[in-house]
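# Next comes the sequence, and after it the predicted model I'd like to discuss.
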Amino acid sequence: MTDDLRGTLDRVGDRFNLGEYEIDAYLAVLEHGELTASDIADRTDIPQPRVYDTVRSLSDRGLVELRESRPMKIVAVDPDDAFGDLRSSFAEMVDELEARYTAPTRETEAVSLVKSRSTILRYLEEVIAGAEYELALSLTPGLLRRFRDELAAKVQAGVSVELLVTPASRAPDPEEFDYLEVATIARARRGITTPILAVGDGEYSVYATQDALRDDRERYGVIFNRSALGFLVSGFFGTVLWTTAETLAADGAARPFPRRYASIRRAVKDVREFEGETFYATVEGRDIETGDSVTVRGRVVDLAFEDTEEVASLTVETETGRVDIGGRVASLEDIEGQEIVIGRDEPPAL
């Protein structure tokens with residue numbers, strides 16, 4: 001690598017290695033021109049004790065100026081001055097890097113640990129973008145704003161979106177924020193220790209601590225890329241996080257049938273909303289005794305569900321008799337349901 005390219009990378013890395021708090025503070029100061037630390041805390045999700053460290057980091061990067069008055073003022077630096085020296089060198093750097101780039105081989109089944117905030121965010125974006133019928137998400141208010149347009153597009157496309165916002169104290173007010181634009185059901189959960197996660201169609205998943213998204217190198221994220229272990233993240237979301245959260249908005253009954261599910265819990269909860277109505281199911285899964293792949297079709301004749309979500313199953317009346325369908329790693333039922341489609345008039349197509 002040439003000295004010029006390495007030097008440019010060093011400058012760009014120093015300037016842009018911003019955590020979530022730094023980004024929020026910087027954008028707030030840019031918008032208002034000048035703010036105090038209290039102003040920044042009021043306008044962002046940054047805890048008051050973290051504001052001073054955050055703005056001093058921005059000052060060290062030349063993005064804001066600190067005026068040591070009482071109270072201290074944080075003043076925006078013109079972006080043209082802050083980033084002007086990088087414009088031409090950045091374009092040249094991208095050209096040189098592109099020339100060196102060798103596309104990696106992507107594994108179809110992988111579990112990996114990552115500590116880079118940008119990598120965690122990229123995988124969150126990929127999970128959301130790749131979901132075809134089901135999304136489970138635990139996001140901070142900042143991440144909700146970041147992915148708002150993408151989530152709205154998924155809801156419009158008919159994807160089921162279960163959204164958990166954490167911490168609850170900083171969740172947007174339902175009177176001011178349209179949660180049903182971005183989710184079919186939304187809840188808020190107390191506690192800054194609630195992890196960030198995303199599960200798409202029961203396959204792609206990301207799990208990360210909130211600290212990892214602030215570039216705390218002692219924290220990490222776990223990526224399950226088309227891994228069968230992804231159901232562990234989904235199960236944790238459904239039984240630990242979701243059941244200890246308060247509902248902000250729900251509109252599950254408005255979605256049309258047939259509906260596809262990777263989670264037996266979501267399928268059973270949806271059918272329960274229409275108590276007394278007739279439903280049919282088509283289920284792809286495997287026999288829990290032999291491991292053989294099976295497809296089950298028939299009328300749904302019974303449900304089992306506990307509010308803790310530790311128990312969820314459905315019974316289907318087939319041409320050869322009743323079959324009990326459970327979720328991943330089922331042991332009490334006949335079939336481990338891996339993909340479930342629920343319809344109204346007849347067993348729907350997969």
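Looks like it arrived, so ask away.

# How about the secondary structure of Asp42?
helix (DSSP: H, G, I helix; E, B strand; the rest coil).

# ugh, typo on my part, it should be Val329
Following three-state DSSP, Val329 is assigned to coil.

# OK, contacts around the residue lying closest to it once chain neighbours are set aside?
Nearest residue to Val329, sequence neighbours excluded (C-beta to C-beta, 6 or more residues apart in numbering): Glu336, at 6.8 Å. C-beta: built from backbone N, CA, C; applies to glycine. By C-beta atoms under 8 Å, 6 or more residues apart in numbering, Glu336 lies in contact with Gly285, Arg286, Asp287, Ile288, Gly326, Gly327, Arg328, Val329, Ala330.

# how about the fifth one, what does it touch?
The neighbours of Gly326, taking C-beta under 8 Å, 6+ apart as the test, are Ile264, Ile288, Ala312, Ser313, Leu332, Glu333, Asp334, Ile335, Glu336, Gly337.

# what do you get if the cut-off is 7 Å, keeping everything else the same?
Ile264, Ser313, Leu332, Glu333, Ile335, Glu336, Gly337 (C-beta atoms under 7 Å, 6 or more residues apart in numbering).

# Leaving out chain neighbours, which residue sits closest to the first one?
For Ile264, ignoring the flanking residues on the chain, the nearest one in space by C-beta to C-beta, 6+ apart is Gly327 at 3.7 Å.

# what about Thr295, how many residues close to it?
Counted with other C-beta atoms under 10 Å, residues neighbouring Thr295 total 12.

# now do Glu31
The number of residues packed near Glu31 is 10, by other C-beta under 10 Å.

# contacting residues for Leu63?
Leu63 makes contacts with Tyr26, Val77, Ala82, as judged by C-beta under 7 Å, 6+ apart.

# Wait, the residue nearest to Ile264 touches Glu310, no?
No - the criterion here is C-beta atoms under 7 Å, and Gly327 misses it with Glu310 at 10.6 Å.

# more crowded one of the two?
More crowded of Gly327 and Glu310, by other C-beta under 10 Å: Gly327, with 27 against 12.

# Just the pLDDT for the nearest residue to Pro47 once chain neighbours are set aside.
Counting by C-beta to C-beta, 6+ apart, Ala41 is the residue found nearest to Pro47 once chain neighbours are left out, at 7.3 Å. We have a pLDDT of 92 for Ala41.

# again, but for Ala250
Ala250 is given a pLDDT of 87.

# gap between the closest residue to it other than its chain neighbours and Glu336?
Nearest residue to Ala250, sequence neighbours excluded (C-beta to C-beta, 6+ apart): Ile185, at 4.3 Å. Distance of Ile185 to Glu336, given as C-beta to C-beta, to the nearest Å: 25 Å.
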